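Engineer: Starting from these lines, generate the structure:
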Amino acid sequence: MVSLRATCSLVRPSPVLNASPPSRICNCAASAFSLSPSYSSHIFQRKWRWSLGRSRQPCALAQLHALTSPALSLRPSYSQRLQQFSTEGRFLAGSEKGLRFIGTDGSARNARIAAASSSSPSSVATSNESTGLKELPKTFEFSSEERLYNWWESHGYFRPDSNQDGEPFVMSMPPPNVTGALHMGHAMFVTLQDIMTRHYRMRGRPTLWLPGTDHAGIATQLVVEKLLASEGVKRADLGREEFEKRVWEWKRTYGGRITNQLRRLGAVVEAFVRLHEKGLIYRGSYMVNWSPNLQTAVSDLEVEYSEEPGTLYFFKYPVAGGNAEDYLPVATTRPETVLGDTAVAVHPLDQRYAKFVGKMAVVPMSGGREIPIIADEYVDREFGTGALKITPGHDPNDYAIGQKTGLPIINIMNKDGTLNENAGKYSGLDRFVARKQLWADLESIGLTIKKEAHTQRVPRSQRGGEVVEPLVSKQWFVTTGPLAEKALHVLESGELRIIPDRFEKIYVQWLTNIKDWCVSRQLWWGHRIPVWYVRGIDGAEEKYFVAYSEDDAYIKARAVYGDVVKLEQDPDVLDTWFSSTLGWPNTEAEDFQRFYPTAVLETGHDILFFWVARMVMMGLEFTGKSPFSTVYLHGLVRDAQGRKMSKSLGNVIDPLDTISEYGTDALRFTLATGTTPGQDVNLSMERLNANKAFTNKLWNAGKFILQNLPPISDDAGWKELSIEKDSYMLEDLALPERWVVTKLHMLIDGVTSCYEKYDFGEVGRAIYEFFWTDFADWYIEVSKTRLYKNEEPLSARKAQHTLVYVFTTVLKLLHPYMPFVTEELWQAMPHEGDALIISKWPQRGLSKDEQALQQFGDLQTLIRSIRNARAEYSVEPARRISAVIVANSEFQEYLLEEKKVLIALAKLDPTTLQFTSSTPREADQAVHLVIAEGLEAYLPLADMVDIGKEVERLNKQATKLQAEYESNMKRLSSSKFVDKAPADIVQGVKDKANEANEKLQILRKRLTVLDSMAVGTKN
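Structural biologist: Below you'll find the model as predicted:
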């Protein structure tokens, strides 16, 4: 069964680890995960008790707490912390007290859900006793988030409806690093996935978002081994069976319930057996990444590279049979590996060493062992000395050369990082101790040349932190070539697309040059490899049987070797990435056919080939279909300066602290609007502050609207306002209403299109700009002219309708980004339906009035111009000024209708405001504003400023500008400056002089006008 890594953990625990035979494995939805025989695969009939991580028992994500360290266990578990910004996939209260919900029976959690189901989500809105109007509290309280989430959950709004028409939208939540601390990267991916899920639910599609975990084999084993070490006990001292008991004990103590991943072993076994039968799984000795601390092979994904200061060691490689001058100078960062060298290579065209090619070299400190000197084009003549020591047993590049040229492989290292008997007298020494000792010995016999500081790229284990050692080891591998061909084809055919498309090149490059996949791990915790080796039969020690169970293996073995045969299971376990991308699907199951394949995989671009490509390969192999049609890749979250967040830089931002200060909605909106597919996001406190202010702006807008609606007792009035219409009659509205509704309908079209293109940054920015600028700054201010002291009730009612219609529609568009504050506000507004989360998405293609856009745009320009003039002349904000509007008949027709708007928003004196078609007589004593062809405004200066004070102010400015102009002209008159200064500097001085002169001329004209006005006043 094909299971996406994110989804295959939502399973019913079985009594024992390997109880369910493959034939009894059931499957569910896109995850195709295993259920015990007593559970039907039709989870819908079970009320989706395992869907979305909300079951009667805490789901897999909730159990991630069990995989954290003892220190972390005192803090909220991963799922508790994650749920503060994940609204679909969060499960607990999101506070320290939430720990109590990770119990064995879930009684506290059930009580919480029961309480939520009987309460109203809009309880924060109350009725004012004196006015009868509905009111909201002063601010949106972040504590409401938990109440709202519990209410959504208790009413089943997260559950997909199996009977709902339409193409399902299915997405899996990638499993996190369960032992790591919650960081902004987690906040990013959960926010984006939650946005997609909420959007498509409102679009009417059945939505399924499945969170998942893996069994975290290395992480869990490492934590438990550290605990044992603190007791002075080693894993080997306990033995495998006792060690496994200690792991289960640890998980019960530090994480609540056991993860279900290990309970689905039957599905993984089935997949392993089938792949082996097809010749796609084999055992062989190849180069792997070896973790000396964990004593296991680790995947490429579990190796992190860091730039670290090191040393480059230069020494002499003596030529056999030559004199003291016959040697090849060699450089290495790991001199201890010289003991495993099997050749020295030079470039075929390097004349410095051509005479040595074909001869033998003596391995230093080896007791005289000789190795060939070969020519190979891989050698870089410009790096180091141009002579390269070849160690096929401990370097991946050298291994490739060795395979090509047939060189032997010598392993000098034990599994714990000490040197073995092949290292001679250095046997038993730690690799780093041996390095120092060997270099000292080389110095003592005169074979060293020099050593110098060198920055090197060091591979370290992601889990243990120790330096990873490349070495050849016998492991189990998946043959990836045939799988990769299919994965390439779905991209080429268009069945799969990657956003942004520039990452398609990386996907193709990796699959084209793919290597076989090492899937075995030398651990005791995880899915045991289903292979049994023959024991007790001479000459058959390397024979093995791949089987579904030990009984099945014995049946096969006895058919070949008789009843006396003994079997021993392979001690290794499967790589987490392998076992969590595998399952064996019942492709005939109704839920599989309904929900597989999924629609989108959203993840970080850094695991495109480690995880995404492997899921595509396995999905195609087991079902013939790609597990998803779209891959959306997000970038890293960096600090405001673009630096990677790290403890050493002191720039780590804790999501929980951020949520406490700014709220979940503000953090989600900041992350979503700052992202472009595949690009890193710079997170700044300024943006968080701005988006917290945006939350407050939404809340205040809601309060304003409620304060200007009919009393709650007016049932008919509220019912009329709550009716949602598929279209809005623009022709019945005045100019500002037609303008704002048209802008809203344009926003719906644009935002919906951007949602479909996964352009989430543009969606948020467009909604923000419309709400803050068009709605809050303009239309709400306009509406006050209809609502306050208005003698036209019809105008007020239309304004109320417009406010409610526009505001509730904005709440719908914004809900996927800011789910909590939007639901709270929507519940307070007149509305149809039970919850915003399941409300209908606004319809595209609604009516628009292009003329209203142009006409109201002219009115806006007129108001802005008057405001700018007021600011330029420092007019007191409350002071009303005179104005003469010179306009042709077309402008006058609609401007006169909105005279109240112009007066209110431009702070004009209604008693002196004039509309005319000709220039006023005293135009030379007024500020002249040209708005458009046929529309101008004159603002009498005498009504705006104190002439005497303004003359004094402008004279000071003129004096300053005159000095600036003369200073620049003096520099330009100097031939020494003009001839010797760079041309751009000279041009800059000229520009400053010209700018000062232009400003000076304008000031002088103003002073002339003001002086004439002052004389006229005296006369």
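Engineer: In the strand ranked longest in the chain, which residues are buried?
Structural biologist: Scanning the chain for the longest strand, with DSSP state E as the assignment, gives strand 303-318. The neighbour-count check on strand 303-318 (16 or more other CB atoms under 10 Å) flags 313-318 as buried. Where you see a C-beta, it was placed from the backbone N, CA and C, and this is true even at glycine.
Engineer: same question, stretch 153-171
Structural biologist: Buried residues in stretch 153-171 (16+ other CB under 10 Å): 153-155, 158-160, 162, 168-171.
Engineer: Nearest to R334 among the buried residues of strand 303-318?
Structural biologist: Nearest to R334 out of the buried residues of strand 303-318 is Y313 (CB to CB; 8.3 Å).
Engineer: Pretty sure that closest one sits against P329.
Structural biologist: No. Using CB atoms under 8 Å, Y313 is not in contact with P329, being 11.1 Å away.
Engineer: which residues does A297 bridge with?
Structural biologist: Beta-bridge partners for A297, by DSSP bridges, are W290.
Engineer: Count residues in the vicinity of it, would you?
Structural biologist: 25 (other CB atoms under 10 Å).
Engineer: Touching, it and V519? I think so.
Structural biologist: No. Using CB under 8 Å, A297 makes no contact with V519, being 9.4 Å away.
Engineer: who touches both of those two?
Structural biologist: Q475 (CB atoms under 8 Å, 6 or more residues apart in numbering).
Engineer: Give the residue spans of the stretch 451-600 of the chain that score low on pLDDT.
Structural biologist: For the stretch 451-600 of the chain, residues meeting the criterion pLDDT under 70 lie at 580-585.
Engineer: tell me which of the buried residues of stretch 153-171 is nearest to I537?
Structural biologist: Among the buried residues of stretch 153-171, and counting by CB to CB, the member closest to I537 is V170, at 49.8 Å.
Engineer: Could you pull up phi and psi at the closest one?
Structural biologist: Main-chain torsions, V170, degrees, to the nearest 10: phi -120, psi 140.
Engineer: Just confirm it contacts R205, I think it does.
Structural biologist: No. Applying CB under 8 Å, one finds V170 not in contact with R205, separated by 9.5 Å.
Engineer: Which element, helix or strand, includes K226?
Structural biologist: K226 belongs to helix 217-230 when elements are defined using DSSP states H and E.
Engineer: and that helix, what other elements does it pack with?
Structural biologist: Packing partners of helix 217-230 (3 or more CB pairs under 8 Å, 6 or more residues apart in numbering; DSSP states H and E): helix 235-238, helix 240-255.
Engineer: can you tell me the average pLDDT over stretch 897-904?
Structural biologist: Regarding stretch 897-904, the rounded mean pLDDT is 95.
Engineer: May I have it as CSV, with CA atoms only?
Structural biologist: Provided in CSV are the C-alpha atoms of stretch 897-904 (Å, rounded to 0.1, in the frame of the first residue of the first chain):
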residue,chain,number,x,y,z
GLU,A,897,-24.3,64.0,-5.5
GLU,A,898,-21.3,63.2,-3.2
LYS,A,899,-20.9,66.7,-1.9
LYS,A,900,-21.2,65.5,1.7
VAL,A,901,-18.4,63.0,1.1
LEU,A,902,-16.1,65.7,-0.3
ILE,A,903,-16.8,68.0,2.6
ALA,A,904,-16.3,65.3,5.2
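Engineer: Now it: buried residues?
Structural biologist: For stretch 897-904, by 16+ other CB under 10 Å, it's 898, 901-904.
Engineer: Out of the residues you listed, which sit inside helices?
Structural biologist: 901-904 (DSSP state H).
Engineer: As JSON lines, those residues with distance to G428 would be great.
Structural biologist: Putting these into JSON lines (distance: CB to CB, whole Å) gives the following:
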{"residue": "V901", "distance to G428": "90"}
{"residue": "L902", "distance to G428": "92"}
{"residue": "I903", "distance to G428": "94"}
{"residue": "A904", "distance to G428": "90"}
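Engineer: Closest to Y788 out of those?
Structural biologist: A904 (9.2 Å).
Engineer: so the closest one sits right up against L787, yeah?
Structural biologist: No. Counting by CB under 8 Å, A904 does not reach L787; the two are 11.5 Å apart.
Engineer: list residues touching both of those two?
Structural biologist: Between them, A904 and L787 share no contacting residue, judged by CB under 8 Å, 6+ apart.
Engineer: Is it possible to get a markdown table of the buried residues of stretch 897-904 that adds distance to Y755?
Structural biologist: Shown next, in a markdown table, are the buried residues of stretch 897-904 (distance: CB to CB, whole Å):
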| residue | distance to Y755 |
| --- | --- |
| E898 | 34 |
| V901 | 34 |
| L902 | 37 |
| I903 | 40 |
| A904 | 36 |
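Engineer: Pick the one among those closest to N968.
Structural biologist: L902 (42.8 Å).
Engineer: so how far is F915 from the closest one?
Structural biologist: Separation of L902 from F915 (CB to CB, to the nearest Å): 10 Å.
Engineer: Quick check: neighbours shared by these two?
Structural biologist: With CB under 8 Å, 6+ apart, L902 and F915 have common neighbours 885, 895.
Engineer: ranges for the strands of the stretch 801-950 of the chain?
Structural biologist: 884-887, 914-916, 926-932, 935-940 (DSSP state E, counting those that start in this stretch).
Engineer: Give me the angle between the longest one and strand 935-940.
Structural biologist: Spelled out, that is strand 926-932. 170 degrees (axes from the mean of the first three to the mean of the last three CA atoms, to 10 degrees).
Engineer: neighbouring contacts of strand 926-932?
Structural biologist: By CB under 8 Å, 6+ apart, strand 926-932 touches 858, 861-862, 865-866, 869, 873, 884, 891, 920, 936-941, 944.
Engineer: quick one: contacts for the residue nearest to D732 when sequence neighbours are not counted?
Structural biologist: Among residues not flanking D732 along the chain, K798 sits closest, at 7.5 Å (CB to CB, 6 or more residues apart in numbering). Shown in contact with K798 (CB under 8 Å, 6+ apart): 732-734, 737, 786.
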